[in-house]
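Trainee: only geometry, no sequence info:
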């Protein structure tokens with residue numbers, strides 16, 4: 001594989017996570033260890049249910065309140081930060097072996113942007129990550145510091161989306 005690189009999938013369009021999980025599928029059949037950690041989201045996802053069935057894929061989800069961040073009080077936000085830091089450390093510890101590894105940090109960009117994760121923890125890991133680790137980060141509006149560290153930046157732009165017409169996420173399509 002050579003040196004592992006850093007990817008950012010960003011933008012306001014649908015498909016950032018789906019693109020990252022497509023890469024997870026590709027890497028898993030090429031004998032990578034795949035570690036997926038989800039921030040700012042619950043544990044339910046159709047794609048994750050399929051990937052969890054693969055022996056070389058580990059999925060880490062925190063236990064967060066099932067409400068949006070703008071509905072949380074300060075104590076709930078503080079608990080979320082602690083939980084995000086915990087699952088980040090758990091995921092990055094799994095990347096310390098010599099195996100080819102793909103680490104997907106889904107929605108870490110949003111957590112980073114809103115200080116819902118220790119930003120120094122993320123930057124420090126990216127600066128010193130093992131060479132055998134390929135990293136994918138997803139989310140909207142990546143910080144300039146993350147962009148400078150990235151080798152790939154792919155922007156997914158929304159042109160039209162059913163949510164704008166009041167159509168909620170649909171089972172098997174958006175979740």
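Mentor: Everything's here; your move. All values reported here derive from a predicted model rather than from experimental measurement.
Trainee: give the contact list for the residue positioned nearest the centre of the chain.
Mentor: Centroid-nearest residue in the chain: residue 106, 1.3 Å away (criterion: C-alpha atoms, centre = their mean). Residue 106 makes contact with 17, 20, 36, 37, 38, 39, 41, 138, 139, according to C-beta atoms under 8 Å, 6 or more residues apart in numbering. Placement of C-beta: from N, CA and C, glycine included.
Trainee: Mind telling me the two of these farthest from one another?
Mentor: Spanning the widest gap among the contacts of residue 106 are 36 and 139, at 14.2 Å by C-beta to C-beta.
Trainee: Show me what the residue nearest to the centre of the chain bridges to in the sheet.
Mentor: Using DSSP bridges, the bridge partners assigned to residue 106 are residue 38.
Trainee: any idea how far residue 3 is from it?
Mentor: Residue 106 is 23 Å from residue 3, where distance means C-beta to C-beta, to the nearest Å.
Trainee: where does the chain have low pLDDT?
Mentor: 1, 42-44, 65-67, 175 (pLDDT under 70).
Trainee: Which helix runs longest in it?
Mentor: helix 74-93 (DSSP state H).
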